[in-house]
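Build me a model from this:
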Amino acid sequence: MNEQIQLLIKSGTVCNLACLYCGDEVSGQKYRMQLPTLIELAGQIASLPKSSIVVAWHGGEPLTAGQSYFIRAIEILQSHLGPNQTLLTCVHTNGLLINESWMALFESIQAAVSISLDGPDEFNDRYRRSEDGNGSFKNVLAALHIAAESDIGVSVSATVHDDSWMIAPDLLDICRSQRVNQLHFEPRVNRGSLRMVRSVSVMAFSQFVSALNATRKGNEIYSDIEIPTLGEWSSPGEGKPSSCMFCRERCFSNLAIDWLGDVYPCDLFHGNASMCIGNIHTRPLSKILSDDKYLLYKRSASVIPAICRSCPWAEKCCGGCPYHRYMAFGTFERPSLYCCRAL
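Next comes the predicted model:
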C-alpha cells in the first residue's frame, strides 16, 4: 500500500473576507459541499491504496459551515476509512471565526491549523479585508493568540506581494510573538481574480526569500519557527504534508475536490475546466487516477524542462510548480516564472 495521498477539499464559496488577490469566486450565489458528496468521497477514499489520508479543508472559508457541519464531516470521513488507513485533518482558515471552542474541537482530533496573514496591520489589511473594507489583522492576531494557547499550536500562511520583502522581519516578529510554530509562504499569482490581475514579480519574490533568510539566519530568537518551504528546498520529502512551493516530491499525491465533486490535480488549477480530471459522482476516484487524462498530466508535468536539466537546483525544484509553468506559458516544457536560479 502506497504511503500517502493529500486531498484538498474546496468546501464552498462562502467567505467572510473579500481579499483583493483571491482567485476563488466568493461573490454571487453561495455554494457549500453537501454531506451526500462528502459521503461519496469518503466511501471512495477507502478503496484507495493509501495508508495515510491527509484531508485539508479550504474555502471559501471552511469555518463558516459551523462546528456541527465540521464534526459530522469528520465523523463521515473517519467512519469510512479502510482497516489500514489513518486520517490527518488540516484546516486552512482566515482566522476570523477562531475561538476557544473551535480550537478545542481541532485539538480533539489533532488537526493541523493554518491561519492566513500577509504581514503587519497596515500591510495585511491592504489586501486581506472584508467587502466593506474592514481589515482582518486585528481579528487574526486575536486568533493566533487563542491558537497558541492550545496543545496543537498553529502555523501562518503568507501570500508574497511585490513589497513583501520590506516586511519579512516584521512577519517573523509577529510569528515569534504569537508562538507560531510554522511559516508557509507562496507567491501571489493571478488565478482569475477580477480585483487584482498582476502576479508578484520574480524579483520581488526573490527579494522576499532573501530578506526572510537574512533575518532568520544566525538569529536564535527565530529558531522555533519552522519554514518548511525553505527546508524542502534543501532536503525535500521528509514524510510531512508537502507545502507545495517548488518541492514536488509528493506533487502527484495531491488532489483538489470541490463542492460539486469535480477533481483537479491541484487546487491552483481549480476553475480551469480543461484541467478538471473527473467528477466523483460519475466516476470513482480510483478510476479517475488511472484515466488517460490524469496520466497524461502526470507525464507532462513531471518532465524537467530541458533548459533546467543542467541547473544545480534541478534535483530540488524539478522545474518548479507545474501550475506556474502551465498558466504562464501554456506548456509544462518551460521553467517556472519563479525559477530557482532567480532566487
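
Could you pull up the residues touching residue 55?
Shown in contact with residue 55 (Cβ atoms under 8 Å, 6 or more residues apart in numbering): 7, 9, 77, 87-90. C-betas here are computed from N, CA, C, even on glycine.

Quick check on these: which are buried?
By neighbour count, with 16 or more other Cβ atoms under 10 Å, those hold 7, 9, 77, 87-90 as buried.

and which of the residues you listed is nearest residue 105?
Closest to residue 105 out of the buried ones among the contacts of residue 55 is residue 89 (10.3 Å), distances taken as Cβ to Cβ.

Who's the closest spatial neighbour of that closest one, skipping the chain neighbours?
Among residues not flanking residue 89 along the chain, residue 111 sits closest, at 4.2 Å (Cβ to Cβ, 6 or more residues apart in numbering).

sec struct for residue 157, please.
Here residue 157 is recorded as strand under DSSP: H, G, I helix; E, B strand; the rest coil.

hey, where'd the helices end up in the stretch 1-150 of the chain?
35-45, 67-79, 100-108, 121-127, 137-148 (DSSP state H, counting those that start in this stretch).

and the fourth one, what does it pack onto?
Right, helix 121-127. helix 137-148 (3 or more Cβ pairs under 8 Å, 6 or more residues apart in numbering; DSSP states H and E).

Please enumerate residues in contact with the helix it packs on?
Contacts of helix 137-148 (Cβ under 8 Å, 6+ apart): 93-96, 98-100, 103, 113, 115-117, 120-121, 124-125, 128, 153-154, 156, 174, 178-180.

List only buried entries from those.
Of the contacts of helix 137-148, these count as buried by 16+ other Cβ under 10 Å: 93-96, 98, 103, 113, 115-117, 120, 124-125, 128, 154, 156, 174, 178, 180.

among the helices of the stretch 1-150 of the chain, which is nearest residue 23?
Per Cβ to Cβ, nearest to residue 23 of the helices of the stretch 1-150 of the chain: helix 121-127, 13.2 Å.

Turn the helices of the stretch 1-150 of the chain into TSV, including distance to residue 170.
Below are the helices of the stretch 1-150 of the chain laid out as TSV (distance: least, Cβ to Cβ, whole Å):
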stretch	distance to residue 170
helix 35-45	39
helix 67-79	32
helix 100-108	25
helix 121-127	8
helix 137-148	12
